[in-house]
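# give me the fold of what follows.
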Amino acid sequence: MGGIGIWQILIIALVVLVLFGRGRISEMMGDFGKGISSFKKGMSEEDSSSDPAKAKRIEAPAHEASPSEAKATEANEKTGS
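Take a look at the predicted model:
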């Protein structure tokens, strides 16, 4: 009791078929298939771009010291610490 049986699944499928029609469902499944193939293509491109010979080097942005950090650095350089 409480579980979904085969008859309930068939009724739901029939209602979906009536609401959307056969053409719309096949169109949605085609779009779904295109999305999956596009996702797989993107994943394979990402794997090939992670190849160190082909990958571009990404450098971190230069850190700019705040005025208080700059003063502290200057003070440490003057005192020799």
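# and S48, how far is that from G42?
The gap separating S48 from G42 is 11 Å, by Cβ to Cβ, to the nearest Å. Placement of C-beta: from N, CA and C, glycine included.
# ugh, typo on my part, it should be L17
L17 is 32 Å from G42, by Cβ to Cβ.
# cool, L14 as well?
In terms of Cβ to Cβ, L14 sits 36 Å off from G42.
# surely I25 touches L17?
Yes. Counting by Cβ atoms under 8 Å, I25 touches L17, with 6.8 Å between them.
# what's the mean pLDDT across the helix or strand L10 falls within?
Taking DSSP states H and E as the definition, one finds L10 inside helix 6-49. Across helix 6-49, pLDDT averages out at 88.
# neighbours of F20, how many?
Other residues near F20 come to 13 when the count uses other Cβ atoms under 10 Å.
# do I25 as well
Neighbour number of I25 under other Cβ under 10 Å is 14.
# do F32 as well
Neighbour tally, F32, other Cβ under 10 Å: 10.
# could you report the distance from it to K41?
Applying Cβ to Cβ, the value for F32 to K41 is 15 Å.
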